[in-house]
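Asker: let's see this in three dimensions:
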Amino acid sequence: MRLLTATALAAVLAAGAATAQTKLILGEAGPNRGARAEAMQSFVDDVEARTDGAVEIDVQWGGALFKANAALGSIGDGVADLGTVIGVYFPQEMLGYGIADLPLRNADAWVGMRATDALMRSSEAIQQQLADQNLVYIGTFTTSEVNIGCKGAAIRSADDIEGLKVRGVGAYGDTFKDFGANMVAMSIYDAYQGLDTGLLDCSQGYSYAMAALKQQEVIDSYTLLDWGQVGALGIFMNKDVYDGLDPAVQQALQDAGVAMADTLGELITADNEAAIQTMRDAGVEIIELDAAERDKLVEQGAQYVDQWVEQANAAGLDGAALLEEYRGLLAQFAEERDAQGYPWDR
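Answerer: Residues are numbered from 1 along each chain as shown. Here you go, the predicted model:
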């Protein structure tokens, strides 16, 4: 029914009737709070504004339509017209997108999002991989830079990692294991108790999330790793529905998707800065990892980047070419930031 409605909308828009409206259903596993939810709402409002009210997006928050680990198939099958997909839940299906989760030197949230967004729009191979799953890329988020908080310990160098009980995040956790950490499988939501009871010495996470979960109450130190982020997290759309829309509406969705990264970049940068101040106010020592020690992490994590290249090649993608393009895009947007500042400061 929604596909028919979208097709009808395209015909009406082509005839110049501005009063027609269609409703698209967006499935989101997370709650309606926080920086990412605010950025998503800005996307919804932006689409409505760009289409002069012809398109309305109804967000179903909190997993009302599907849980995070069922998002890919649910969107492809039309349970929702569009929705949020977290790449780590679908490592093979979202292999191309997974480049944004690699432990590269990529700590800036805005730079990472814009580079990821540009790659997803420019790579025909990734777009075809998505089309085979009846999906179209719309826009990207990020969890932002991975840092680490510890209780009864402090990470000032790579040597300090050995022997610590650590909750890790993807390849960042794997790299810590390589340096001798004892990895503990635990969600970020359980890390407070883990740190409080001694099940964990340290937990990798994101500044805004750690403050939101009040982990400053149970850590002594917080090390800013200046390393990388987890960025394979974004909005995808059912291709059948998307193809049934007027090209002007498709363009509005895409343009709003690009703008969403700028909105989240501003919000999450401010939230992370506020979170670090909250930790300082709570007496937590904030440590900035020395560049030489950071480089040790990057070099050790390179093996996981190489593994991704091999997996991409096996899936029919040119992994080395995509990685080269992505690194170039990271450099491009870092240069833009350095020359012009962030978009919200211009």
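Asker: only C-alpha atoms from now on, for both contacts and neighbour counts.
Answerer: Noted.
Asker: what stretches of the stretch 101-250 of the chain score poorly on pLDDT?
Answerer: Scanning the stretch 101-250 of the chain for pLDDT under 70 picks out nothing.
Asker: ok, which stretches of the chain are strands?
Answerer: Here the chain has its strands, by DSSP state E, at 22-27, 55-60, 82-86, 135-140, 147-150, 165-167, 182-183, 202-205, 221-224, 233-238, 285-288.
Asker: what does the second one contact?
Answerer: Translated: strand 55-60. Gln21, Thr22, Lys23, Leu24, Ile25, Leu26, Gly27, Glu28, Val44, Val47, Glu48, Val249 (CA atoms under 8 Å, 6 or more residues apart in numbering).
Asker: show me which of the residues you listed are buried.
Answerer: Gln21, Thr22, Leu24, Ile25, Leu26, Gly27, Glu28, Val44, Val47, Glu48, Val249 (16 or more other CA atoms under 10 Å).
Asker: my guess is the fourth one contacts Gly78, does it?
Answerer: No - in this structure Ile25 lies outside contact range of Gly78 using CA atoms under 8 Å: 9.6 Å.
Asker: and for these two, which residues touch both?
Answerer: With CA under 8 Å, 6+ apart as the test, Ile25 and Gly78 reach no residue in common.
Asker: show me the one of the strands of the chain that comes nearest Asn69.
Answerer: strand 82-86 (8.0 Å; CA to CA).
Asker: pLDDT (mean, whole number) over that closest one?
Answerer: The average of the pLDDT scores along strand 82-86 is 97.
Asker: okay, buried residues for it please.
Answerer: Per 16+ other CA under 10 Å, strand 82-86 contains these buried residues: Leu82, Gly83, Thr84, Val85, Ile86.
Asker: returning to that earlier point: out of the buried ones among the contacts of strand 55-60, which two sit at the greatest distance?
Answerer: Top of the distance list for those (CA to CA): Gln21 and Glu28, 22.2 Å.
Asker: tell me how far Gln21 lies from Asp81.
Answerer: Going from Gln21 to Asp81 by CA to CA, to the nearest Å gives 15 Å.
Asker: what about stretch 169-178, distance to the chain center?
Answerer: 18 Å (CA atoms, centre = their mean, to the nearest Å).
Asker: what residues are up against Ala115?
Answerer: By CA under 8 Å, 6+ apart, the contact set of Ala115 is Tyr326, Leu329, Leu330, Phe333.
Asker: tabulate the residues you listed in CSV, adding columns for distance to Gly173 and neighbour count.
Answerer: Putting those into CSV (distance: CA to CA, whole Å; neighbours: other CA atoms under 10 Å) gives the following:
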residue, distance to Gly173, neighbour count
Tyr326, 22, 20
Leu329, 25, 20
Leu330, 23, 24
Phe333, 27, 19
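Asker: Ile219: which of those is nearest?
Answerer: Ile219 lies nearest to Leu330 out of the contacts of Ala115, by CA to CA, at 32.3 Å.
Asker: what does the model give that closest one for pLDDT?
Answerer: pLDDT at Leu330 comes out at 98.
Asker: may I see the buried residues of strand 82-86 organised as TSV, with distance to Pro343 added?
Answerer: TSV is the format used below for the buried residues of strand 82-86 (distance: CA to CA, whole Å):
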residue	distance to Pro343
Leu82	27
Gly83	26
Thr84	24
Val85	26
Ile86	26
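Asker: farthest-separated two in those?
Answerer: Greatest spatial distance among the buried residues of strand 82-86 (CA to CA): Leu82 and Ile86, at 13.3 Å.
Asker: if we can go back for a sec, looking at the contacts of strand 55-60, spot the one nearest Val309.
Answerer: For the contacts of strand 55-60, the residue nearest Val309 by CA to CA is Glu28; the value is 29.9 Å.
Asker: one step back: pick out the lowest-pLDDT one from the buried ones among the contacts of strand 55-60.
Answerer: Ranked by pLDDT, the buried ones among the contacts of strand 55-60 bottom out at Gln21, which has 85.
Asker: ok, now how distant is that residue from Ala54?
Answerer: The gap separating Gln21 from Ala54 is 4 Å, by CA to CA.
Asker: cool, Ala115 as well?
Answerer: Applying CA to CA to Ala115 and Ala54 gives a distance of 30 Å.
Asker: then Leu130?
Answerer: Distance, Leu130 to Ala54, using CA to CA: 27 Å.
Asker: those two - which one has more neighbours?
Answerer: Between Leu130 and Ala54, counted using other CA atoms under 10 Å, Leu130 has the larger neighbour count: 23 against 19.
Asker: specify the beta-bridge partners of the closest residue to the more buried one other than its chain neighbours.
Answerer: Nearest residue to Leu130 in three dimensions, chain neighbours excluded: Val136, at 6.2 Å (CA to CA, 6 or more residues apart in numbering). Taking DSSP bridges as the rule, Val136 bridges to Met237.
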